[in-house]
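Asks: sharing a model prediction with you, sequence too.
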Amino acid sequence: MAMPTLGILGSGSGSNMQAILDAIASGNLDARIGIVLSDNPGAHILERARQNRIRAEVIDCSGQRTRFPDEAQEETARKLREAGVDLVCLAGFMRLVKRPLLDAFPARILNIHPSLLPAFPGLEAWRQAVEAGVSESGVTVHLVDAGMDTGPILGQESVAVFPDDTPETLHARIRIAEHRLYPETVRQYAAHLKL
């Protein structure tokens, strides 16, 4: 099998991208990152990419704060194709991916979400878990479809919620699980792709 080229979309610090890079460096993931794109010009993920000599560019969402305009999705798809991307990994990307991008990469876009889906979709899932008083939360890697965190589940890892947890303490433990699960699920899923 050819080594897959990954495209990463992120809006924040890029810690999950770093976990993927670390897995590549350690030999646990046979892949390369071809491009990193962010809708946030100040996102640290872009700086992380540049430090690792990875092409890093900003997605222009035309001033839309939360929407992902079709033109921006088409431009994103073009840049990903240009970079030879086989598999797209959302890593803290805070916009809902819709048809232009889904059509360009069918069953080739993965997302990591900080809960055991279908529980607690959407924003700040760790806060939702603490406020709901559950004893267990966790992490899910899933394929992206047109819904909010509704695509087929590829991998999950549970994380206990303790009675004295705050959203912040739970989120810190969930991130540790994310950094384990995401590279491993990318490795397993990429192995099944016909490249």
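Replies: Now that the structure is in, tell me what you want to look at. If you're wondering where the values come from, they're calculated on a predicted model, not measured in any experiment.
Asks: got the contact list for the closest residue to Gly14 other than its chain neighbours?
Replies: In this structure, Gly14 finds its nearest non-sequential neighbour in Ile45, 3.0 Å apart by CB to CB, 6 or more residues apart in numbering. (Glycine included, C-beta is placed from N, CA and C.) The contact partners of Ile45, by CB atoms under 8 Å, 6 or more residues apart in numbering, come to Ile8, Gly10, Ser11, Gly12, Ser13, Gly14, Met17, Val36, Ser38, Ala56, Ala91, Gly92.
Asks: what's the longest helix seen in the chain packed up against?
Replies: When the chain is parsed with DSSP state H, its longest helix is helix 167-192. Other helices and strands packing on helix 167-192, by 3 or more CB pairs under 8 Å, 6 or more residues apart in numbering; DSSP states H and E, are helix 15-25, strand 87-90, strand 109-113, helix 125-132, strand 136-143, strand 153-160.
Asks: point out where the protein drops to low pLDDT.
Replies: Residue ranges of the chain with pLDDT under 70: 1, 195.
Asks: one more pass at 90, please.
Replies: The chain contains residues with pLDDT under 90 at 1-3, 62-67, 147-148, 192-195.
Asks: okay, how far is it across stretch 43-60, tip to tip?
Replies: 14 Å (CA to CA, to the nearest Å).
Asks: buried residues in that stretch?
Replies: Buried residues in stretch 43-60, counting neighbours by 16 or more other CB atoms under 10 Å, are found at Ala43, His44, Ile45, Leu46, Arg48, Ala49, Ile54, Ala56, Glu57, Ile59.
Asks: turn the residues you listed into JSON lines, including secondary structure.
Replies: Listed next are the buried residues of stretch 43-60 as JSON lines, based on DSSP: H, G, I helix; E, B strand; the rest coil:
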{"residue": "Ala43", "secondary structure": "coil"}
{"residue": "His44", "secondary structure": "helix"}
{"residue": "Ile45", "secondary structure": "helix"}
{"residue": "Leu46", "secondary structure": "helix"}
{"residue": "Arg48", "secondary structure": "helix"}
{"residue": "Ala49", "secondary structure": "helix"}
{"residue": "Ile54", "secondary structure": "coil"}
{"residue": "Ala56", "secondary structure": "strand"}
{"residue": "Glu57", "secondary structure": "strand"}
{"residue": "Ile59", "secondary structure": "coil"}
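Asks: closest one to Ala119 out of these, please.
Replies: The shortest gap between Ala119 and any of those belongs to Ile45, at 26.7 Å (CB to CB).
Asks: give me phi/psi at Lys79?
Replies: phi -70, psi -40 (degrees, to the nearest 10).
Asks: contacts only, for it.
Replies: Contacts here follow CB under 8 Å, 6+ apart; on that basis Lys79 touches Ile35, Leu37, Glu57.
Asks: dump the residue contacts of the nearest residue to the first one once chain neighbours are set aside.
Replies: Pointing back at Ile35 there. Closest residue to Ile35 in three dimensions, ignoring its sequence neighbours and counting by CB to CB, 6+ apart: Ala83, at 3.8 Å. By CB under 8 Å, 6+ apart, the contact set of Ala83 is Thr5, Gly7, Gly34, Ile35, Arg55.
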